[in-house]
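# Here is the input, now give the coordinates:
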Amino acid sequence: MIPTGPLVQEPEEEEEEGEDNDEIMDWLNKKETSSTVLVTFGSESFLSREETSEVAKGLELSMVNFIWVLRFPFEEKISIEEALPNGFLERVGDRGLVVEKWASHARILEHQNVGGFVSHCGWGSTMDAMEFGVPIVAIPMNSDQPVNARLVEEIGVGLEVNRDEN
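A predicted model of the protein is given here:
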């Protein structure tokens with residue numbers, strides 16, 4: 001066995017193309033170095049309405065720039081405007097960019113203007129953040145994520161959010 005370290009792929013060329021990624025990169029290019037937080041919880045975990053509201057409140061109160069990739073279960077027919085608190089998008093204005101469904105988190109994390117990552121701590125997301133030197137705020141949901149979140153905190157590359165029934 002030969003230890004090789006983390007195996008993280010470079011973002012694919014085709015991931016760089018596309019209207020959504022172009023819009024995100026154009027928006028991100030207008031921000032200052034390390035001034036923006038990426039918020040995403042992967043492709044298999046979904047926030048409850050209450051959790052969505054709490055994340056929105058935290059982003060609004062933080063006063064930092066953010067890109068929030070917001071996903072819903074396939075069977076749930078809901079728009080971003082319906083999912084977010086009333087007036088949220090207007091209040092955050094150009095400080096926030098909410099993207100529905102998918103965005104290349106690796107492409108975003110490697111950008112110099114990203115300084116933090118709010119993540120479910122799935123293994124791929126965790127490795128990408130560590131590869132690009134972006135600190136993690138861990139909000140694990142299930143599977144390996146709680147263990148990954150503890151590891152992230154233990155090695156000093158992030159902090160886990162303590163959650164309870166409230």
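# immediately after the worst-scoring helix or strand of the chain on mean pLDDT, which helix or strand?
Using mean pLDDT, DSSP states H and E, the weakest-scoring helix or strand in the chain turns out to be helix 13-16, at a mean of 47. For helix 13-16, the following helix or strand on the C-terminal side (DSSP states H and E) is helix 19-29.
# Which stretches in this structure count as strands?
For the chain, applying DSSP state E gives strands covering 36-40, 65-70, 96-100, 114-119, 136-138, 158-160.
# quick one, helices of the chain?
With DSSP state H as the criterion, the chain has helices at 13-16, 19-29, 49-62, 80-83, 88-92, 105-109, 123-131, 145-154.
# Quick one: distance of the longest one to the chain centre.
When you say that, I think you mean helix 49-62. Helix 49-62 sits 13 Å away from the centroid of its parent chain (CA atoms, centre = their mean, to the nearest Å).
# quick one: contacts of that helix?
In this structure, residues lying in contact with helix 49-62 by CB atoms under 8 Å, 6 or more residues apart in numbering are 37, 39, 47, 66, 68, 70, 83-85, 88, 91-92, 96, 118. Backbone N, C-alpha and C define where each C-beta goes, glycine included.
# Swap in 7 Å and give it another go.
If you take CB atoms under 7 Å, 6 or more residues apart in numbering as the criterion, helix 49-62 is touched by 39, 47, 66, 68, 83-85, 88, 91-92, 96.
# quick one: which two of those residues are the most distant?
47 and 91 (19.3 Å; CB to CB).
# Between these two, which has more neighbouring residues?
Legend: neighbour count by other CB atoms under 10 Å for residue 47 and residue 91, higher for residue 47 (19 against 12).
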